[in-house]
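Peer 1: From the sequence below, what's the structure:
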Amino acid sequence: QVQLVESGGGLVQAGGSLRLSCAASGRTFNNYSMGWFRQAPGKERELVARIRWSVGSTYYLDSVKGRFTISRDVAKNTVYLQMNSLIPEDTAVYYCAARRYFDLVTPRDIADWGQGTQVTVSS
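Peer 2: Next comes the predicted model:
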(Lines give C-alpha, C1' and ligand atoms only; values in the text may rest on other atoms or scores of the structure.)
Protein backbone atom coordinates (compact mmCIF):
# COMPACT_ATOMS: atom_id res chain seq x y z
CA GLN A 1 0.00 0.00 0.00
CA VAL A 2 1.47 3.31 -1.13
CA GLN A 3 1.20 6.19 1.30
CA LEU A 4 1.79 9.77 0.21
CA VAL A 5 1.96 12.57 2.77
CA GLU A 6 2.15 16.16 1.56
CA SER A 7 3.34 19.23 3.37
CA GLY A 8 4.36 22.79 2.61
CA GLY A 9 1.24 24.54 1.42
CA GLY A 10 0.10 27.90 2.72
CA LEU A 11 -0.75 31.50 1.95
CA VAL A 12 1.70 33.61 -0.01
CA GLN A 13 1.62 36.91 -1.86
CA ALA A 14 1.91 37.04 -5.63
CA GLY A 15 5.55 36.78 -6.65
CA GLY A 16 6.41 34.67 -3.64
CA SER A 17 7.59 31.09 -3.34
CA LEU A 18 6.56 27.85 -1.67
CA ARG A 19 8.01 24.36 -1.63
CA LEU A 20 5.74 21.36 -1.42
CA SER A 21 7.01 18.00 -0.17
CA CYS A 22 5.53 14.54 -0.63
CA ALA A 23 6.92 11.75 1.53
CA ALA A 24 6.24 8.36 -0.04
CA SER A 25 6.27 4.98 1.64
CA GLY A 26 5.01 1.45 1.22
CA ARG A 27 6.90 0.39 -1.90
CA THR A 28 10.11 0.66 -3.83
CA PHE A 29 9.49 3.45 -6.32
CA ASN A 30 11.98 2.64 -9.07
CA ASN A 31 9.17 1.88 -11.54
CA TYR A 32 7.02 4.83 -10.61
CA SER A 33 6.05 8.14 -12.09
CA MET A 34 5.34 10.64 -9.33
CA GLY A 35 4.16 14.19 -9.33
CA TRP A 36 1.62 16.84 -8.52
CA PHE A 37 -1.90 17.58 -9.64
CA ARG A 38 -3.91 20.61 -8.59
CA GLN A 39 -7.57 21.44 -8.40
CA ALA A 40 -9.00 24.93 -8.13
CA PRO A 41 -12.64 25.54 -7.09
CA GLY A 42 -15.00 24.73 -9.93
CA LYS A 43 -12.23 23.37 -12.14
CA GLU A 44 -11.01 19.94 -13.08
CA ARG A 45 -7.96 18.42 -11.48
CA GLU A 46 -4.94 18.98 -13.73
CA LEU A 47 -1.41 17.62 -13.90
CA VAL A 48 1.14 20.25 -12.91
CA ALA A 49 4.41 18.33 -13.00
CA ARG A 50 5.69 14.79 -12.94
CA ILE A 51 9.03 13.01 -12.60
CA ARG A 52 10.10 9.51 -13.49
CA TRP A 53 11.61 8.16 -10.31
CA SER A 54 14.36 6.03 -11.84
CA VAL A 55 15.79 8.50 -14.37
CA GLY A 56 14.56 11.87 -13.14
CA SER A 57 13.03 13.01 -16.42
CA THR A 58 10.33 15.63 -15.97
CA TYR A 59 7.19 17.13 -17.49
CA TYR A 60 5.51 20.47 -16.73
CA LEU A 61 2.19 22.08 -17.47
CA ASP A 62 2.85 24.94 -19.89
CA SER A 63 1.59 27.61 -17.51
CA VAL A 64 4.15 26.67 -14.82
CA LYS A 65 7.22 26.15 -17.01
CA GLY A 66 10.09 28.31 -15.85
CA ARG A 67 8.44 28.93 -12.47
CA PHE A 68 8.02 25.46 -10.93
CA THR A 69 10.64 22.75 -10.49
CA ILE A 70 9.95 19.15 -9.55
CA SER A 71 12.67 17.02 -8.00
CA ARG A 72 13.09 13.90 -5.90
CA ASP A 73 15.35 12.71 -3.13
CA VAL A 74 15.76 9.00 -3.63
CA ALA A 75 17.30 8.43 -0.19
CA LYS A 76 14.36 10.13 1.52
CA ASN A 77 11.65 8.79 -0.82
CA THR A 78 10.41 12.35 -1.16
CA VAL A 79 9.22 14.41 -4.11
CA TYR A 80 9.39 18.19 -4.07
CA LEU A 81 7.68 20.94 -6.00
CA GLN A 82 9.49 24.26 -5.79
CA MET A 83 7.08 26.99 -6.83
CA ASN A 84 8.47 30.43 -7.61
CA SER A 85 6.91 33.61 -9.00
CA LEU A 86 3.52 32.45 -7.82
CA ILE A 87 0.42 34.08 -9.29
CA PRO A 88 -3.20 34.06 -8.04
CA GLU A 89 -4.09 31.55 -10.77
CA ASP A 90 -1.87 29.01 -8.98
CA THR A 91 -4.32 28.96 -6.08
CA ALA A 92 -5.59 25.39 -5.67
CA VAL A 93 -5.39 22.24 -3.61
CA TYR A 94 -2.24 20.43 -4.67
CA TYR A 95 -2.22 16.63 -4.61
CA CYS A 96 0.74 14.33 -4.72
CA ALA A 97 0.19 11.29 -6.94
CA ALA A 98 2.00 8.10 -7.90
CA ARG A 99 1.53 5.67 -10.74
CA ARG A 100 3.39 2.42 -11.30
CA TYR A 101 4.93 1.58 -14.69
CA PHE A 102 3.23 4.43 -16.58
CA ASP A 103 3.48 8.21 -16.60
CA LEU A 104 1.04 10.34 -14.67
CA VAL A 105 -1.34 11.80 -17.22
CA THR A 106 -4.97 12.14 -16.11
CA PRO A 107 -6.54 11.89 -12.66
CA ARG A 108 -8.61 8.84 -13.55
CA ASP A 109 -5.43 6.81 -14.14
CA ILE A 110 -4.19 7.39 -10.60
CA ALA A 111 -4.70 4.94 -7.76
CA ASP A 112 -2.45 6.52 -5.16
CA TRP A 113 -3.11 10.04 -3.89
CA GLY A 114 -2.00 12.18 -1.02
CA GLN A 115 -4.50 14.05 1.11
CA GLY A 116 -3.89 17.40 -0.59
CA THR A 117 -2.41 20.67 0.58
CA GLN A 118 -3.91 24.11 0.04
CA VAL A 119 -1.89 26.76 -1.80
CA THR A 120 -3.37 30.26 -1.79
CA VAL A 121 -1.74 33.13 -3.67
CA SER A 122 -3.03 36.59 -2.86
CA SER A 123 -2.82 39.49 -5.32
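
Peer 1: if I look at Asn31, how far off is Asp112?
Peer 2: 13 Å (CB to CB, to the nearest Å). For the C-beta atoms, the positions are set from N, CA and C on the backbone; glycine is no exception.

Peer 1: Quickly list what Gln82 is bridged to.
Peer 2: Taking DSSP bridges as the rule, Gln82 bridges to Arg19, Thr69.

Peer 1: SS state for Arg72?
Peer 2: strand (DSSP: H, G, I helix; E, B strand; the rest coil).

Peer 1: How confident is the prediction for it, by pLDDT?
Peer 2: Each residue has a pLDDT score; the one for Arg72 is 97.

Peer 1: need the contact list for the nearest residue in space to Arg38 that is not next to it in sequence.
Peer 2: Leaving out its chain neighbours, the residue that sits closest to Arg38 by CB to CB, 6 or more residues apart in numbering is Ala92, at 3.8 Å. Shown here is Ala92, whose contacts under the criterion CB atoms under 8 Å, 6 or more residues apart in numbering are 38-40, 43, 119.

Peer 1: ok, 10 Å please
Peer 2: 9, 37-41, 43, 45-46, 48, 116-121 (CB atoms under 10 Å, 6 or more residues apart in numbering).

Peer 1: Leu20 too?
Peer 2: 6-10, 36, 48, 68, 70, 79-83, 94-96, 114, 117, 119.

Peer 1: Looking at stretch 85-97 now, give me its mean pLDDT.
Peer 2: Mean predicted confidence for stretch 85-97 is 98.

Peer 1: tell me, what residue is most central in the chain?
Peer 2: Geometric centre of the chain, nearest residue: Trp36, 2.1 Å, by CA atoms, centre = their mean.

Peer 1: buried residues in whichever strand or helix holds it?
Peer 2: Here Trp36 sits within strand 32-39, counting by DSSP states H and E. Buried residues in strand 32-39, counted by 16 or more other CB atoms under 10 Å: 32-38.

Peer 1: before we move on, back to that, give me the beta-bridge partners of the residue nearest to the centre of the chain?
Peer 2: Bridge pairing for Trp36 - DSSP bridges - gives Ala49, Cys96.

Peer 1: Sounds good, over and out.
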